[in-house]
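Student: Could you work out the structure for the sequence below:
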Amino acid sequence: MGETHLRKRREDEKSIQSEAPKTTNLQKQVGLISGICVIVGTTIGSGIFISPKSVLSNTEAVGPCLIIWAACGIVATLGALCFAELGTMITKSGSEYPYLMEAFGPIPAYLFSWSSLFVIKPTSFAIICLSFSEYVCAPFYPGCEPPKAVVKCLAAAAILLITTVNSLSVRLGSYVQNIFTAAKLVIVVIIVVSGMVLLAQGNTKNFENSFEGSKVSVGAISLAFYNGLWAYDGWNQLNYITEELRNPYRNLPLSIVIGIPLVMVCYILMNISYFTVMTTTELLQSQAVAVTFGDRVLYPASWVVPLFVAFSTIGAANGTCFTTGRLVYVAGREGHMLKILSYISVRRLTPAPAIIFYGTIAIIYIIPGDINSLVNYFSFTAWFFYGLTIFGLIVMRFTRKDLERPIKVPIFIPILMTLVSLFLVLAPIISEPAMEYLYCVIFILSGLVFYFLFVHYKFGWAQRISKPITMYLQMLMEVVPPEVAPE
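Tutor: Coordinates of the predicted model:
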C-alpha cells in the first residue's frame, strides 16, 4: 500500500516535470492581432489628439499640412519595411540594438542602448504618463490648472501600474494593449465620422485656397516633417519583441503593412475632421485640438473626448513599456548593462528586472518640472540611430550575404531612408542651431567612458560590487538567467 502510494507520487512528479518548461526564456505569445495593436497602440498616443498644430505652425496652410502628414506616413512605412527585413534576418528582440551589433559591432550598439535607456525611452514614457495624468485630473479642477504634485503622483502611479502589469504576464500586457488600442480606435472613429458628416453637409470653407500663405523653405518643411514623424514614432516598436512573436517571418511584416497604413489613414482623416470645424488660426490657438473639436461637435457628450484621450495615452504608455523593457533585457544579455537585467522571472517568464529598471528611470524623470524641451532636443538622436541602422542594412547586403532574408526590400528603399534620416538629423540643426544639440552629442559620446570602463575592460572591482547585488536581487525577485532551466 505504501509502496503503491510512493510509486504514484513519483509518477505524478515526473508528469509535472515533463510538463514544465525546460528553459526559462521569453515565450512566443504575441500573434498577428496583438502585433498590429502594438504598432497602432504605441504610435497613436496623445500627439494626434493634442498637438497637430505643431505641423501646421511650420506650414501655415491646410494643403501642405495634410501633405506632410501623408508623407510622414509613407516615410514611416518605408522605414518599417527596412526594419521588417532586419527583423526577419536577425530574429532577436531589441530592435536597433542587435542590428547595429551585427552590422557595426558593439560600440554603436552600446551607444544606442546608452542613449535609449537613460534618456530617449524613459523620458517619452514619463511624458506620456504625465499627459494621461493631466487629462484625468482636469475634470476635478475645472477652470484652473491641476496641482503639479497631484499630476506627478498620478503619473508615477500609472507607471507603477503599467510596470507591474508587464512584469506579471506577457499575455496580460498584450490584453491590456489590445483593449486600449480598441478604445483609442473608438474615439478615432467618432472624430473621423463626425468630420466626414460635417464635410458632407458643406463645411468646406477652410479647405478653399488651402495652399495660400504656406511656407516653402527647407527649414520650415524639415521642422514640419520632424513634428509629424514624432507623432508616427512607434513604427519600429514590434522589432523590440521579435523573440516573442509567433511566426515572426509572417506576422512581423503583416503587422507593419497593416498597422502603419492604418495609422496614416487615421491621422489624415482626423486632421481633415479638425479643419472642418476650425480655421488654421483657431487650431493654432487650441491647447488640445481634439478637446476643442469635441466641445464644438459632440456637446453635451464632449466629455467622451478627454476620457478616450486618457485611454489612448495609457495605451501608448503600456505599449512603450512592453517593448522597451525588451531592449533593456537584450542589452543586459549582451553584457552591456548589469547582468541581472537579462534575467527572466521563473514563474511569469517575463523580463521583470528589465521592466522594473525601465519604470524606475521613468519615475525619476517625473520629478523635474518640464522635460518636454529635453525630449525635443533628443528626438533628433532617434533619427540618427534609425538612419545608422538602415545604413547597416545596406552594409550587410555586401558583408553578410550568408544571412537568410525571408523578406528583401528593394535596395533603393534603404538608400532613400538613409538620406531622409540624414536630412532629418541635419536640417533642424542647420535651420535653428542651438547648444542643446551639442549637449546631446556630448551625452551620447560620454557612453564610451562607461563602455570601456565596465564592458570592454571589465574591471574586477566592478564585478565584485555587482555580484552580491545580482545574487540578492535574483533571490528576491525569483529570476534566473535566460536559457537556464530551474532546478
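
Student: how many other residues sit next to Leu154?
Tutor: Neighbour count of Leu154, defined by other Cβ atoms under 10 Å: 19. For every residue, glycine as well, the C-beta is placed using N, CA and C.

Student: List the contacts of the nearest residue to it once chain neighbours are set aside.
Tutor: Leaving aside its chain neighbours, Leu154 sits nearest to Ser133 (4.1 Å; criterion: Cβ to Cβ, 6 or more residues apart in numbering). Counting by Cβ atoms under 8 Å, 6 or more residues apart in numbering, Ser133 touches 151-152, 154-155, 158.

Student: Where does Ser133 fall, secondary structure wise?
Tutor: Assessed by DSSP states H and E, Ser133 sits inside helix 121-137.

Student: Could you pull up the mean pLDDT of that helix?
Tutor: Across helix 121-137, the average pLDDT comes to 82.

Student: thinking again about what came up before, just the ones in helices from the contacts of Ser133, please.
Tutor: Of the positions in these, 151-152, 154-155, 158 sit in helices, assigned by DSSP state H.

Student: Dump the residues you listed into TSV; add distance to Pro261 and pLDDT as well.
Tutor: Putting the ones in helices among the contacts of Ser133 into TSV (distance: Cβ to Cβ, whole Å; pLDDT from 0 to 100) gives the following:
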residue	distance to Pro261	pLDDT
Val151	35	86
Lys152	37	89
Leu154	35	92
Ala155	32	90
Ala158	30	93
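
Student: would a markdown table of those with distance to Ser217 be doable?
Tutor: Compiled in a markdown table, those are given as follows (distance: Cβ to Cβ, whole Å):
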| residue | distance to Ser217 |
| --- | --- |
| Val151 | 37 |
| Lys152 | 39 |
| Leu154 | 41 |
| Ala155 | 38 |
| Ala158 | 40 |
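
Student: Counting neighbours, which of those comes out on top?
Tutor: Most surrounded of the ones in helices among the contacts of Ser133: other Cβ under 10 Å gives Ala155, at 27 neighbours.

Student: do you know how far that one is from Ile128?
Tutor: 9 Å (Cβ to Cβ, to the nearest Å).

Student: Contact partners for Cys266?
Tutor: Per Cβ under 8 Å, 6+ apart, neighbours of Cys266: 44, 48, 185, 188, 192.

Student: Among the residues you listed, which one lies nearest to Met89?
Tutor: Distance to Met89, by Cβ to Cβ, is smallest for Ile44 among these, at 28.1 Å.

Student: what secondary structure does the nearest residue to that closest one once chain neighbours are set aside sit in?
Tutor: Nearest residue to Ile44, sequence neighbours excluded (Cβ to Cβ, 6+ apart): Lys184, at 5.6 Å. Per DSSP: H, G, I helix; E, B strand; the rest coil, the secondary structure class of Lys184 is helix.

Student: State the pLDDT value of Lys184.
Tutor: 81.

Student: What ranges in the stretch 101-250 of the chain fall below the confidence cut-off?
Tutor: Within the stretch 101-250 of the chain, the stretches with pLDDT under 70 are 142-143.
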